[in-house]
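Enquirer: here is a sequence together with a model predicted from it:
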Amino acid sequence: MSGNESGVSDSDGAAVVAAVEAVAERIEAERDYLTELDSAIGDADHGGNMARGWAAAAEAGRELDDPDPQTVCKTVGKTLMAEVGGASGPLFGGSLVFAGAELDDGVTAESAVAFAETYLEKVEDRGDARVGDQTVVDALTPAVHTFKKSVETDGLPPLDALAKAVDAAERGVAFTVPIRARKGRASYLGWRSVGHQDPGATSALYILEELLAVAADALGEEVPDVDATSPTIPDESAAEAADGDAASGDGD
Amino acid sequence: MKKLINDPDDVVDEMLDGMTAAYPDRIRRLPDTQVMVRDDAPVEGKVALVTGGGSGHEPTHAGYIGDGMLDGAAAGGVFSSPTADEFEALIDACDAGDGVLAIIKNYEGDVMNFDTAIELVEMEGVEVESVVVDDDVAVEDSLYTSGRRGVCGTILVHKAAGAKAAQGADLSEVKRVAEKVIDNVGTMGTALTSCVTPEKGEPTFDLGDDEIELGIGIHGEPGTERTEVMSADEITTELTEAVLDDLDLDSGQEVLTIVNGMGGTPQMELFVVNRRLQELLGERGLETWDAWVGDYMTSLDMAGASVTVCAVDDELKELLGAPADTPALTRTR
């Protein structure tokens, strides 16, 4: 079930469990910040719910005996559904159960793209949310689209593609700040939601960052520097910096 | 605030144990869950009806488990949705192979968690259909919903669809009846006081001694208007006219009405409301086929009431009047 020839090696369930453990640690570390983001626009429970859920998911993953990736996704997803609750449980966890089915032949670049697309589709459908609604979809959509294009069109190695996806997700999180929430509890604030970073999108970014770190570790490689590869998204400040006309005086 | 609560963290768990102790031969609790099902679930040869939602609305939801109504219900924390795995366990425990109808009240958490559970059990081959109840005419979007909220009209969906399922109808027929009720029912409520959630231990919102909130939800979420306190007749008129304007019924239409207590209002006052409600229906040329008065879907200890009107035809009259035997609602005929 390995996909060594595609560049992602060690694609067994143990690597997926390691990723879940890394995510659990990261979410716990960011718990207070996530709660702070949520208290501005929601009911201040996102950090606590996610930390509790991912800790339980890591525990459940560890208890599996030599599992395949699909089984890990199902177990972790169901644990998230049960422990996170609210809307984040079905969004983060339920989507994982369904997307995990794409990994039944192991983790390859191709199956990872299918996994990512299914995950995004499930989140969109369940939350009835699209890009621009100030939700987790704003982080996931650029990440998934960039990952797919990097793998399928640009033929980048999976780790480079994942690094680009993380970079795209970061831009997506930033995009949630100046827009108005249309879905989720923040939407009840109407125009007052403008100017706030979405906690769910932020969590998604942390998850992707940890996936990248674990994948690099599994491959024995450094995390790629996205700026060193050809940009998928035109970045004016990078272009200006290359011109020697550094971004000073641009304000921010 | 004085309460018969040992520990807010245990209140739902202890309530469910108390319910099963009260009806040991009718309701059982699935181990390690907050899911309550008929003692004889799954019932062979019948479409199963399931529902669920936050706790604090008793006798909703588990009080309507029994012959002629629900097969099971999942209880969430106070005013919070059950998780998807609990809904999944609920559906699995009630399905006898003839399909399951999930009756969901329109709250984002309930809808998302129920939908996730439905998709999971469908992967295992269980046939599930769902309906979303949104009978609250007061607000289009609220603190917990996109669209209208699902409130007391849901009881009529349980009753009619439950009776249809008891007759041995197939899943599509049971669902059609549920949707027929949803299309013909409207509700609006008022709060005289705030509810007190166990965790917070103090009123959820401030309502002055001389104020009421019209169009209140069942979680203490804001309604349409905060006004000076009015007489019982004036309040009843406000609620009833909002519902009737929404339903837009023809003169001569037969209706079933519910005056529902929010948990902290005496029956005496509910009957006073019902008296004025029936007068108003008469003034509009509507004919009351049946009038229910009581606490059907509450909001903890909130004082106040809601008015529900449902237009009925021969089919709905037969189903809503059919026998039912549950802890909270009994009909013999």
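Expert: Looks like it came in fine.
Enquirer: run a quick neighbour tally on residue 66.
Expert: Just so you know, I chose chain A. Using other Cβ atoms under 10 Å in any protein chain shown, A:Asp66 is surrounded by 8 other residues. Glycine gets a C-beta too; all of them are placed from N, C-alpha and C.
Enquirer: oops, chain B please
Expert: The burial count for B:Gly66: 22, using other Cβ under 10 Å.
Enquirer: what sits closest to it if chain neighbours are left out?
Expert: B:Thr326 (3.4 Å; Cβ to Cβ, 6 or more residues apart in numbering or on different chains).
Enquirer: measure the spatially closest residue to B:Gly162 that is not a sequence neighbour to B:Thr51 for me?
Expert: Excluding the flanking residues, the one nearest B:Gly162 by Cβ to Cβ, 6+ apart is B:Met69, at 3.9 Å. Remark: distance between B:Met69 and B:Thr51 (Cβ to Cβ, to the nearest Å) = 10 Å.
Enquirer: who has more neighbours, these two?
Expert: Taking other Cβ under 10 Å, B:Met69 and B:Thr51 do not tie; B:Thr51 has more neighbours (31 against 27).
Enquirer: show me what the residue nearest to the more buried one when sequence neighbours are not counted is bridged to.
Expert: With Cβ to Cβ, 6+ apart as the criterion, B:Thr51 has its nearest non-adjacent residue at 4.3 Å, and that residue is B:Ile103. Counting by DSSP bridges, B:Ile103 is bridged to B:Thr51, B:Val131.
Enquirer: shouldn't B:Ile103 be in contact with B:Val50?
Expert: Yes - between B:Ile103 and B:Val50 there is a contact under Cβ atoms under 8 Å: 7.2 Å.
Enquirer: give me the common contacts of those two.
Expert: B:Leu70 (Cβ atoms under 8 Å, 6 or more residues apart in numbering or on different chains).
Enquirer: where in the stretch 1-150 of chain A is pLDDT low?
Expert: A:1-12 (pLDDT under 70).
Enquirer: what residues does it have near chain B?
Expert: A:78, A:81-83, A:85-87, A:89-91, A:93-94, A:97-98, A:126-128 (Cβ under 8 Å from any Cβ of the partner chain).
Enquirer: how many other residues sit next to the nearest residue to B:Val78 once chain neighbours are set aside?
Expert: Leaving aside its chain neighbours, B:Val78 sits nearest to B:Gly56 (4.5 Å; criterion: Cβ to Cβ, 6+ apart). For B:Gly56, the count of nearby residues is 27 (other Cβ under 10 Å).
Enquirer: check contacts around B:Gly56.
Expert: With Cβ under 8 Å, 6+ apart, B:Gly56 has these contacts: B:78-79, B:195, B:197, B:219, B:298-300.
Enquirer: out of those, which end up buried?
Expert: Buried subset of the contacts of B:Gly56 (neighbour count, 16 or more other Cβ atoms under 10 Å in any protein chain shown): B:78-79, B:195, B:197, B:219, B:298-300.
Enquirer: which of those lies closest to chain A?
Expert: Distance to chain A, by Cβ to the nearest Cβ, is smallest for B:Phe79 among the buried ones among the contacts of B:Gly56, at 11.1 Å.
Enquirer: quick check: the closest one touching B:Val196?
Expert: No - using Cβ under 8 Å as the test, B:Phe79 is too far from B:Val196 to be in contact (11.7 Å).
Enquirer: all strands of the stretch 201-333 of chain B, in order?
Expert: B:211-214, B:225-228, B:254-261, B:287-294, B:304-311, B:324-325, B:330-331 (DSSP state E, counting those that start in this stretch).
Enquirer: redo those strands as CSV? Include mean neighbour count, mean pLDDT and distance to B:Met123.
Expert: Compiled in CSV, these are given as follows (neighbours: other Cβ atoms under 10 Å in any protein chain shown; pLDDT from 0 to 100; distance: least, Cβ to Cβ, whole Å):
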stretch, mean neighbour count, mean pLDDT, distance to B:Met123
strand B:211-214, 20, 94, 43
strand B:225-228, 13, 91, 46
strand B:254-261, 24, 98, 38
strand B:287-294, 16, 98, 40
strand B:304-311, 29, 98, 36
strand B:324-325, 18, 98, 33
strand B:330-331, 14, 96, 37
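Enquirer: gap between A:Asp154 and A:Ala116?
Expert: For A:Asp154, the distance to A:Ala116 - Cβ to Cβ - is 15 Å.
Enquirer: and A:Leu212, by the same measure?
Expert: 13 Å.
Enquirer: identify the contacts common to the two.
Expert: Joint contacts of A:Leu212 and A:Ala116 (Cβ under 8 Å, 6+ apart) are A:Ala165.
Enquirer: need the max-distance pair from the contacts of B:Gly56.
Expert: B:Thr197 and B:Thr298 (13.0 Å; Cβ to Cβ).
Enquirer: tell me the contacts of B:Ala117?
Expert: B:84-88, B:90-91.
Enquirer: from the residues you listed, list the ones also adjacent to chain A.
Expert: Among the contacts of B:Ala117, chain A is touched by B:84-86 when using Cβ under 8 Å from any Cβ.
Enquirer: same list (these) but as TSV, adding pLDDT.
Expert: Conversion of the ones next to chain A among the contacts of B:Ala117 to TSV gives the following (pLDDT from 0 to 100):
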residue	pLDDT
B:Ala84	95
B:Asp85	94
B:Glu86	97
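Enquirer: by neighbour count, which of these wins?
Expert: That'd be B:Ala84 among the ones next to chain A among the contacts of B:Ala117, by other Cβ under 10 Å, with 31 neighbours.
Enquirer: OK, contacts around that one?
Expert: Counting by Cβ under 8 Å, 6+ apart, B:Ala84 has contacts A:81-82, A:89-90, A:93-94, B:112-114, B:116-117, B:120.
Enquirer: return the backbone torsion pair for it.
Expert: B:Ala84 has phi and psi values of phi -60, psi -40 when expressed as degrees, to the nearest 10.
Enquirer: let me know the pLDDT of A:Gly251.
Expert: Per-residue pLDDT puts A:Gly251 at 39.
Enquirer: joint contacts of B:Met69 and B:Thr51?
Expert: B:His158.
Enquirer: which residues of chain B lie near chain A?
Expert: Going by Cβ under 8 Å from any Cβ, the residues of chain B near chain A are B:80-81, B:83-86, B:108-109, B:112-113, B:115-116, B:119-120, B:141-143, B:146.
Enquirer: verify the stated contact: B:Gly220 with B:Val196.
Expert: No - with contact defined as Cβ under 8 Å, B:Gly220 does not count as touching B:Val196 (9.1 Å).
Enquirer: hey, what's in contact with both of the two?
Expert: B:Thr204.
Enquirer: quick one: which of those two has more around it?
Expert: B:Gly220 (25 against 18).
Enquirer: which non-adjacent residue is nearest that one?
Expert: Counting by Cβ to Cβ, 6+ apart, the residue nearest B:Gly220 is B:Thr204, at 4.0 Å.
Enquirer: list the contacts of that neighbour.
Expert: Neighbours of B:Thr204 in contact, by Cβ under 8 Å, 6+ apart: B:194-197, B:219-220.
Enquirer: same check, this time on B:Gly52
Expert: B:35, B:61, B:73-76, B:81-82, B:86-87, B:90, B:110, B:114.
Enquirer: chain A versus that one, what's the distance?
Expert: 13 Å (Cβ to the nearest Cβ, to the nearest Å).
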